[in-house]
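Asks: Predicted coordinates and the sequence they were generated for:
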Amino acid sequence: MSKYHFIAIGGSAMHSLAIALKENGHEITGSDDAIFDPSLTQLEKAGICPEPMGWFPEKINNRLDAVILGMHAKKDNPELLAAQKMGLPIYSYPEFIAHYALHKTRVVIGGSHGKTTISAMVLHVLNYHQKPVDFMIGAQLEGFENSVCLSENNEFIILEGDEYLSSPIDLRPKFHHYKPQIALISGIAWDHVNVFMTEEDYNHQFEIFIESITAGGVLVFNELDDTLGKMVADTQNTIRKEAYNILNHTVRSGVTCLETDEGPIPLAIFGKHNLSNLSGAKWLCQLIGIDEDDFYQAISSFRGASKRLERLARGKTSFLFKDFAHAPSKVKATTQAVKEQFPDFKLVACLELHTYSSLDPSFLVHYQNSLEKADLPIVFYDPEALKIKNRTPIQPQEIIDAMGHPELMVFTDPQLLKVFLMEQNYHNSVLLMMSSGNYGGLDWEELKVKIAHL
């Protein structure tokens, strides 16, 4: 048994890793200045929620085997300074995962979009066929109690390869740590402009990731992405390269079906980006040991990753979907997917500009035509979010000009947005809500009731 202390234990990945280590019999302590649900409830249930909140250098001692540092902490965190003074091993969570998984077959799923969904697809199929693997992904999955699973005996570990920074003292992207034997890249679209100031700098992180794949390993990649395709062609790494595309499919009475040698297989998901993700997941499952027929058998019951094109409500003639989309390419792909699935329905698409990148006026131009498939496009941003992120004010006309949709409506008041959404007639309509935030405190239950009663 080892003893680990987590600095900033309340983070989405940090708390999941802490719980997984506790379940494996290790002694866990932690600190944070604020923890919110679902992390708070899950840490309390596991018996490792810190009380009181705050930073306490006295928690750092020589009995600790290691300190695990979250991105939320600062360089001058008093607990971090104490650990550095004592010379204790200090890991970011991706560093710790890489150290833990050193003797496992590491399967890393990267890309600007789709990595959580592909990871969820792979784990769904493996779980369906009772093939145990370790994993670390960025969302809670149906059928799994935690988003991190660690064991002594499992051969494979599935890792979501995030390109964001590892910790305040480790400014490498997380996925540079893992050095996979099997890797997948779903596509590349410039994001995180607060860290990667240019598109070239952002793209270079994926070049480094490709070079980090173990010699003789496999890279599965989306051949529809021209930038990625050139990277794969140019790499000198001695790896096997396998391209994937969108699987053959049809849409029948509002249901997407895969066209296979065994006949059509209905899916619970839809959209070309999901069918592309599914194609990549199929490759990974085959490399792990699941044959094609077994993959198809399992994937038909996959209902999607949490917050990824998630159906929240359905009425007789109306639907409500929520999606995590915020990057321009994902917003466009998600909006297009919903319109293609429901071509005869009015599409009301509401995007919240919430991330550092999306609130950057110079970045807005990348959203041009991203909502072009919406019949009623709406953009919301909360001026309070601008203040928190120290961003300059954005004028509604700037957003309208950048989006390039003549019917675009812009809201900056959460209450006015709520009133507008609740006053709409959603007969024969789909309401698509896209955000990594919460629209300034939107009452989802009230909105679901409205949609469900139509």
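Replies: Received it, and whenever you're ready, just let me know what you need. Note that the structure is a prediction, hence the values are computed from the model and not measured. Residues are numbered from 1 along each chain as shown.

Asks: Distance of the residue of the chain most remote from its centre relative to residue 79?
Replies: When each C-alpha in the chain is compared with the mean C-alpha position (C-alpha atoms, centre = their mean), residue 62 comes out farthest, at 36.2 Å. Residue 62 is 14 Å from residue 79, where distance means C-beta to C-beta, to the nearest Å. Every C-beta, even on glycine, is put in place using the N, C-alpha and C of the backbone.

Asks: Same check on residue 102?
Replies: On the measure of C-beta to C-beta, residue 102 and residue 79 end up 27 Å apart.

Asks: can you list the weak-confidence ranges in the chain?
Replies: 388-389, 454 (pLDDT under 70).

Asks: any idea which residue sits dead centre in it?
Replies: Geometric middle of the chain (C-alpha atoms, centre = their mean) lands on residue 116, at 4.6 Å.

Asks: which residues are contacting the helix or strand where it lies?
Replies: In this structure, residue 116 sits in helix 115-128 according to DSSP states H and E. Residues outside helix 115-128 that contact it (C-beta atoms under 8 Å, 6 or more residues apart in numbering) are 107, 109, 111, 132-133, 135, 137-139, 141-144, 158, 160-162, 184, 186, 274, 277-278, 280-281, 284-285, 288, 290, 294-295, 297-299, 301-302, 304-305, 308, 324.

Asks: domain assignment for the chain?
Replies: What automatic domain parsing lists as the domains of the chain is 3-88, 96-299, 310-452.

Asks: End to end on the second one, go ahead and measure it.
Replies: So the one you mean is domain 96-299. Distance between the two ends of domain 96-299: 31 Å, counting by C-alpha to C-alpha, to the nearest Å.

Asks: Can you give the distance of it from its chain's centre?
Replies: The chain centre lies 11 Å from the centre of domain 96-299; the measure is C-alpha atoms, centre = their mean, to the nearest Å.

Asks: I'd like to know how far the nearest residue to residue 383 once chain neighbours are set aside sits from residue 386.
Replies: Closest residue to residue 383 apart from its sequence neighbours, by C-beta to C-beta, 6 or more residues apart in numbering: residue 412 at 5.7 Å. Applying C-beta to C-beta, one obtains 9 Å for the distance of residue 412 from residue 386.

Asks: okay, these two: which has more neighbours?
Replies: Counted by other C-beta atoms under 10 Å, residue 412 and residue 386 do not tie: residue 412 has more neighbours, with 19 against 16.

Asks: Surely that one and residue 382 touch.
Replies: Yes. Assessed by C-beta atoms under 8 Å, residue 412 is found in contact with residue 382 at 7.0 Å.

Asks: and the closest residue to residue 3 other than its chain neighbours, how many neighbours does it have?
Replies: In space, residue 3 comes closest to residue 27 once its chain neighbours are excluded; the distance is 4.3 Å by C-beta to C-beta, 6+ apart. Neighbours of residue 27 under the rule other C-beta under 10 Å: 15.

Asks: all strands of the stretch 151-300 of the chain, in order?
Replies: 156-161, 165-167, 170-173, 182-185, 218-222, 240-244, 249-252, 255-260, 263-266 (DSSP state E, counting those that start in this stretch).

Asks: dump the residue contacts of residue 2.
Replies: Applying C-beta under 8 Å, 6+ apart, the residues near residue 2 are 26, 27, 65, 66.

Asks: quick one, phi psi at the second one?
Replies: Backbone torsions for residue 27, taken as degrees, to the nearest 10, come to phi -90, psi 130.

Asks: So it sits against residue 18, correct?
Replies: No. Contact status for residue 27 versus residue 18: not in contact, 11.0 Å apart, counting by C-beta under 8 Å.

Asks: quick one: common contacting residues for the two?
Replies: The contact lists of residue 27 and residue 18 share residue 4, where a contact means C-beta under 8 Å, 6+ apart.

Asks: Quick one: end-to-end length of stretch 290-310, please.
Replies: 27 Å.

Asks: meant to ask about stretch 355-362, not that
Replies: Distance between the two ends of stretch 355-362: 14 Å, counting by C-alpha to C-alpha.

Asks: Helices along the chain, start to end?
Replies: Under the criterion DSSP state H, helices of the chain are mapped to 12-23, 39-46, 78-86, 93-100, 115-128, 199-212, 226-234, 272-288, 292-299, 328-341, 383-388, 396-403, 414-423, 444-452.

Asks: between those helices, which gets nearest to residue 174?
Replies: Smallest distance to residue 174 across the helices of the chain (C-beta to C-beta): 4.0 Å, for helix 93-100.

Asks: Can you turn the buried subset of the contacts of helix 115-128 into a selection I can paste into PyMOL?
Replies: Of those, the buried ones go into a single PyMOL selection, burial set by 16 or more other C-beta atoms under 10 Å:
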select buried, resi 107+109+111+133+135+137+138+139+141+144+158+160+161+162+184+186+274+277+278+280+281+284+285+288+290+294+295+297+298+299+302+304+305+308+324
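
Asks: Near residue 399, how many other residues are there?
Replies: Other residues within reach of residue 399, judged by other C-beta under 10 Å, total 21.

Asks: Am I right that residue 400 is in contact with residue 410?
Replies: Yes. With contact defined as C-beta under 8 Å, residue 400 counts as touching residue 410 (6.4 Å).

Asks: one step back: just checking, the residue farthest from the centre of the chain touches residue 83?
Replies: No. With contact defined as C-beta under 8 Å, residue 62 does not count as touching residue 83 (10.4 Å).

Asks: quick one, what contacts the closest residue to residue 339 other than its chain neighbours?
Replies: Nearest residue to residue 339, sequence neighbours excluded (C-beta to C-beta, 6+ apart): residue 373, at 4.1 Å. Residues near residue 373 by C-beta under 8 Å, 6+ apart: 335, 336, 338, 339, 347, 349.

Asks: JSON lines for those, including neighbour count and distance to residue 367?
Replies: Below are those laid out as JSON lines (neighbours: other C-beta atoms under 10 Å; distance: C-beta to C-beta, whole Å):
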{"residue": "335", "neighbour count": "25", "distance to residue 367": "11"}
{"residue": "336", "neighbour count": "19", "distance to residue 367": "14"}
{"residue": "338", "neighbour count": "25", "distance to residue 367": "17"}
{"residue": "339", "neighbour count": "19", "distance to residue 367": "17"}
{"residue": "347", "neighbour count": "22", "distance to residue 367": "17"}
{"residue": "349", "neighbour count": "28", "distance to residue 367": "12"}
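
Asks: circling back: can I get the helices of the chain in JSON lines including distance to residue 151?
Replies: Formatted as JSON lines, the helices of the chain follow (distance: least, C-beta to C-beta, whole Å):
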{"stretch": "helix 12-23", "distance to residue 151": "9"}
{"stretch": "helix 39-46", "distance to residue 151": "17"}
{"stretch": "helix 78-86", "distance to residue 151": "27"}
{"stretch": "helix 93-100", "distance to residue 151": "10"}
{"stretch": "helix 115-128", "distance to residue 151": "13"}
{"stretch": "helix 199-212", "distance to residue 151": "24"}
{"stretch": "helix 226-234", "distance to residue 151": "32"}
{"stretch": "helix 272-288", "distance to residue 151": "16"}
{"stretch": "helix 292-299", "distance to residue 151": "21"}
{"stretch": "helix 328-341", "distance to residue 151": "33"}
{"stretch": "helix 383-388", "distance to residue 151": "39"}
{"stretch": "helix 396-403", "distance to residue 151": "47"}
{"stretch": "helix 414-423", "distance to residue 151": "44"}
{"stretch": "helix 444-452", "distance to residue 151": "36"}
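
Asks: This completes my enquiry, with thanks.
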